[in-house]
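Colleague: give me the fold of what follows.
(2 chains)
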Amino acid sequence: MRTIKALTVMAAMAFLAACSSSQQAAVPASTTVTPGSVADFKQNVGDRVYFDTDLSGVRPDGRATLDKQATWLKQYTNYPITVEGKCDERGTREYNLALGERRANAVKQYLIAQGIPASRIQTISYGKERPEVLGSDEGAWARNRVGITVLQ
Amino acid sequence: MMHFSHLRTMLCAAALAAVAVPAHAQLTIDMTKPSFEPVPIAIVDFAGDPMGGQIAEVIRNDLQNCGLFRSISPGSFIERNINANAAPRFPDWRSIGAQGLVVGQIAQVGGNIKVDFRLWDVVVGQQATGLSFTSQPNNWRRLGHIIADAIYKRVTGEEGYFDSRVAYVSETGSVSNRTKRIAIMDQDGANNRYITDGRTPAVTPRFSPTLQELVYMAFSDNNSPPKVYLQNVDSGRRELLGNFPGMSLSPRFSPDGSRVAMSLSKDGRTNLYEMDLRGQNLRRLTNSPAIDTSPSYSPDGTQIVFNSDRGGSQQLYVMGAGGGGDRRVSFGDGRYATPVWSPRGDYIAFTKITGGSFGIGVMRPDGSGERMLASGFLVEGPTWAPNGRVLMYFSQQPNSGGGAASLQQIDITGRFGRQVPTPTSASDPAWSPLIPQ
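Modeller: Residues are numbered from 1 along each chain as shown, chains lettered A, B, ... in the order given. Predicted structure coming up:
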């Protein structure tokens, strides 16, 4: 997903560059992002981890992402963080709000254990109210069982 | 703009003297019988005022939609210009298959209207019931519902539910950024109006016993967690129900309206609390590392059924209303959620998730006698009609298909289901008690 997103951004930038090239021929099309920027965090670190159905434990692939997040966040300390917890559509509204909170908290606790101050991290659950991905198959549901580290 | 102030307007009811000698009538429905035909009933436009046709139409819709009656088309009526205060020509009504006949008369009394109606048992040729109501003219829809309730009660022996309202979540816009507003309408879909402005999503509305207040959960403008609010439906004034760190959710009034049970979420734990609305005192009801949510009081206020995953998967538990004495009551396959105690106390309705399917079911409060009433890709959130014999819930299409949601109604036998009309996509229905008269 991250790769796809990055490609989309690149394509969009290339498109913009192509459109404006007649007037601003001197500006080169570039896919590099400023180190320490939100875009840098999303593209080069990864802003989200995924969860198994009905569970809120951080998976091994998620731990690798969160380790990278912690390293980055310790280097760039100016961002307050909100962790958003979300769920797929295969649960009830109230329970999923609580499950999303539990997922967001799992991410928060992992980051705290890696040395990020608790005071820097807020959590919010969207339950199944704001899915990241449209779709009603296992692939879409897997992408909607997510904890997203949002830089303010 | 419609206001609830008319709830408190004068509404007088009196029994109407029988025209014929009372006798044991045949016009009855036993709802517990395994099968029966809907009772054919003829409802004549009420005489004496143009609104008589509108009142009759409200009654026809109510009775037809509950599944127990079949409203005979007025076009097939033989006896015309019927006198509401004299016996009808029974053979005319028998010949079109009617078993019940409803007639009415409207009179202006000062600034009020007086509505008399009679239900005739056509089979035996007797008056089954007759009542007279006096109220303000703008109450005509309510009068129709109240008369339909009287007919329902006379024929089934059960209290009616037509003079009631439904709060729900109106959903518009795309799946990923949907506007969710709390709305209120009459049970039959009339008089729809919005309670929240939709600036931030609001979900899970619940009525107070007086219908004057709603509790619900709403997100905020900034990134802070969603919270439970209490809102007066007349004035629109709303207040945050307690100021806690973390999220509050799944509110529900106690049967006497003095307390609200809800979940508070913090640090990955979601536990149940009860707030006393007068003193705003908060009392903890559960203390587990699990998710405890969706509380619902027994009608006598002594117990609470709720949803918890403390045993590893979502199941239903019952505890004392002050907390403690928790016991699991759901033991079937799958996950159980959103329990709601019937206002009669005899059943708990719930959402059940088994494999890839969702269902709406009922069980006895001790967990026995589980029966499934409806199923679908995503059906969720049952709520009881005031008589405890009909449920509403919502059905949602897959997100891949746009995620449209609709309100659905089903009777407790599972025989009569229908979609409830709403102006927009709709979820989270909450049925009110009968409107106080």
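Colleague: all helices of the stretch 51-200 of chain B, in order?
Modeller: B:51-65, B:90-95, B:140-156 (DSSP state H, counting those that start in this stretch).
Colleague: now what about the shortest one, what contacts it?
Modeller: Helix B:90-95 is contacted by residues B:42, B:78, B:79, B:101, B:120, B:122, B:123, B:125 when judged by C-beta atoms under 8 Å, 6 or more residues apart in numbering or on different chains. Quick note: C-beta positions are derived from backbone N, CA and C, even for glycine.
Colleague: which of these are buried?
Modeller: Among these, the ones that count as buried by 16 or more other C-beta atoms under 10 Å in any protein chain shown are B:42, B:79, B:101, B:120, B:122, B:125.
Colleague: picking that back up, out of the helices of the stretch 51-200 of chain B, which gets nearest to residue A:147?
Modeller: helix B:51-65 (44.9 Å; C-beta to C-beta).
Colleague: next up, phi/psi of residue B:239, please.
Modeller: phi -130, psi 150 (degrees, to the nearest 10).
Colleague: contact partners for it?
Modeller: Here residue B:239 is in contact with B:229, B:230, B:231 (C-beta under 8 Å, 6+ apart).
Colleague: can you do 10 Å?
Modeller: B:213, B:229, B:230, B:231, B:232, B:277, B:280 (C-beta atoms under 10 Å, 6 or more residues apart in numbering or on different chains).
Colleague: any of these buried? List them.
Modeller: Buried among the contacts of residue B:239 by 16+ other C-beta under 10 Å: B:213, B:229, B:230, B:231, B:277.
Colleague: which ones among the residues you listed lie within strands?
Modeller: When the buried ones among the contacts of residue B:239 are checked against strands (DSSP state E), the matches are B:213, B:229, B:230, B:231.
Colleague: grab the nearest non-local neighbour of residue A:94.
Modeller: residue B:250 (4.4 Å; C-beta to C-beta, 6 or more residues apart in numbering or on different chains).
Colleague: quick one: that neighbour is in a strand?
Modeller: Yes - per DSSP: H, G, I helix; E, B strand; the rest coil, residue B:250 lies within a strand segment.
Colleague: how much space between it and residue B:204?
Modeller: 6 Å (C-beta to C-beta, to the nearest Å).
Colleague: residue A:49 now?
Modeller: 28 Å.
Colleague: coming back round to it: now for residue B:250 and residue B:204: what residues contact both?
Modeller: A:93, A:94, A:97, B:215, B:217, B:228, B:262, B:294, B:338.
Colleague: the nearest residue to residue B:65 once chain neighbours are set aside pairs with what?
Modeller: Spatially, and ignoring its direct neighbours in sequence, residue B:65 is nearest to residue B:418 (6.1 Å; C-beta to C-beta, 6+ apart). With DSSP bridges applied, residue B:418 shows beta-bridge pairing to residue B:409.
Colleague: please enumerate the strands of the stretch 151-300 of chain B.
Modeller: Per DSSP state E, counting those that start in this stretch, the stretch 151-300 of chain B carries strands over the ranges B:165-172, B:179-186, B:193-194, B:202-207, B:213-218, B:227-232, B:238-240, B:247-253, B:259-266, B:269-276, B:281-284, B:292-297.
Colleague: er, chain A I mean
Modeller: Using DSSP E, strands in chain A cover A:48-50, A:81-86, A:121-127, A:146-151.
Colleague: what distance do you get for residue B:134 to residue B:143?
Modeller: 10 Å.
Colleague: you'd agree residue B:373 is in a strand?
Modeller: Yes - per three-state DSSP, residue B:373 lies within a strand segment.
Colleague: mind checking what secondary structure the residue nearest to it when sequence neighbours are not counted has?
Modeller: Spatial nearest neighbour of residue B:373, chain neighbours left out: residue B:414 (4.1 Å); criterion: C-beta to C-beta, 6+ apart. Following three-state DSSP, we place residue B:414 in the coil state.
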